[in-house]
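Peer 1: here's a sequence, model it:
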Amino acid sequence: MRYVAPTREALDRRVLASPPLSHWSGYAAFVEGDAWPDVHALNACWSGESRHRFVTQDKALLADGLHYEERIAKRGAIATRPRNWHDLFNAFVWLRHGPIKRALNARQVAEIAIMGPRERSRPQCALTHFDEAGMVVSLRDPAMLAAWDTHDWHALFWTFRDAWLRGDARVEVFGHALLEHALTPGKLLVGKALVVMGQGDALARCAEAIGSGAILNDPLELRPLPVSGVPGWHPDTGDEAFYTTAPCFQPLRAGRVYPAPL
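Peer 2: So this is what the prediction gives:
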């Protein structure tokens, strides 16, 4: 069933105080206000020099016949539908995570050159899954990765609860569709994760690996993560039984094996 986000008027603004939306508080004015921001307000948020700009998606824009990704690559024009949560969150991700967005766009355009605008390759599917529902997870403890490998969600989130609370394990939600879903209070969120072990700039490592083609060549490279299990991300994460009863915590499918982390 297709997700339908709440209207701006019906939005329960308490969702903005909890992750993942609370992590985007720098853009809260665009979400909390009664009026929808236009592309001019969004373009004023670019930091430094950028060839990219948000442009209103209308019939005149689409008349150029370009694929969405090609328009970004050739003109730096990011088509943005007015009064649309999905595209508003996409703009936020471009503003915060430009290097990853640019790497995804370059890869998509390269695949379009091979496949044409109507067919989709396995790499394109992987790139799109990450763009829409992706997250970057940073871990330090290999035991946490081992728990994730077997979908031992109780261990990953409850046994290692302190690691999440200390910041030794962190999640950066990248996918704009996932952020849109977070507008519904109490919704159980499951995303598609890239994992980086150790310290350092996890986002920069992901951008480099995506750009080089080292990762995101198949959707099965992405690990599902019920991110609502991160302590504090859902009202029920203080209840141990949540990790064994909530429907988002699915067992590992037979034969499913995940690739090594970055």
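Peer 1: which residues touch stretch 66-79?
Peer 2: Applying CB atoms under 8 Å, 6 or more residues apart in numbering, the external contacts of stretch 66-79 come out as 50-57, 61-62, 64, 87, 90-91, 94, 105-106, 108-109, 112, 117. Backbone N, C-alpha and C define where each C-beta goes, glycine included.
Peer 1: buried subset of those?
Peer 2: 52-55, 57, 87, 90-91, 94, 105-106, 108-109, 112 (16 or more other CB atoms under 10 Å).
Peer 1: Trp153: which of these is nearest?
Peer 2: Of all the buried ones among the contacts of stretch 66-79, Trp153 sits closest to Asn90, with 29.1 Å by CB to CB.
Peer 1: can you show me the helices along the protein?
Peer 2: According to DSSP state H, the chain carries its helices in the segments 28-32, 39-43, 59-62, 68-75, 85-96, 98-115, 122-133, 142-149, 153-154, 161-166, 176-181, 202-212, 242-245.
Peer 1: just the CA coordinates for the fourth one, please, in CSV.
Peer 2: So the one you mean is helix 68-75. What follows is helix 68-75, C-alpha atoms only, in CSV (Å, rounded to 0.1, in the frame of the first residue of the first chain):
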residue,chain,number,x,y,z
TYR,A,68,15.3,13.6,-13.8
GLU,A,69,18.9,12.4,-13.2
GLU,A,70,20.2,13.8,-16.5
ARG,A,71,18.8,17.2,-15.8
ILE,A,72,20.7,17.3,-12.5
ALA,A,73,23.9,16.2,-14.2
LYS,A,74,23.7,18.5,-17.2
ARG,A,75,22.1,21.6,-15.7
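Peer 1: quick one, that helix and helix 85-96 angle?
Peer 2: Counting by axes from the mean of the first three to the mean of the last three CA atoms, to 10 degrees, helix 68-75 lies at 40 degrees to helix 85-96.
Peer 1: can you pull the buried residues of helix 68-75?
Peer 2: For helix 68-75, by 16+ other CB under 10 Å, it's Glu69, Glu70, Arg71, Ile72, Ala73.
Peer 1: how about the last one?
Peer 2: Using 16+ other CB under 10 Å as the burial criterion, the residues of helix 242-245 that qualify are Phe242, Tyr243.
Peer 1: turn the helices of the chain into TSV, including mean pLDDT and distance to Met1.
Peer 2: Output for these, formatted as TSV (pLDDT from 0 to 100; distance: least, CB to CB, whole Å):
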stretch	mean pLDDT	distance to Met1
helix 28-32	95	24
helix 39-43	97	30
helix 59-62	96	28
helix 68-75	97	24
helix 85-96	98	16
helix 98-115	97	27
helix 122-133	98	16
helix 142-149	98	28
helix 153-154	98	24
helix 161-166	98	31
helix 176-181	98	12
helix 202-212	98	30
helix 242-245	97	22
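Peer 1: can you tell me which of the ones you listed is nearest to Ala10?
Peer 2: helix 85-96 (11.8 Å).
Peer 1: which residues touch that closest one?
Peer 2: By CB under 8 Å, 6+ apart, the surrounding residues in contact with helix 85-96 are 5, 24, 27, 30-31, 36-37, 42, 45-47, 52, 54, 57, 78-81, 101, 174-177, 179-180, 183.
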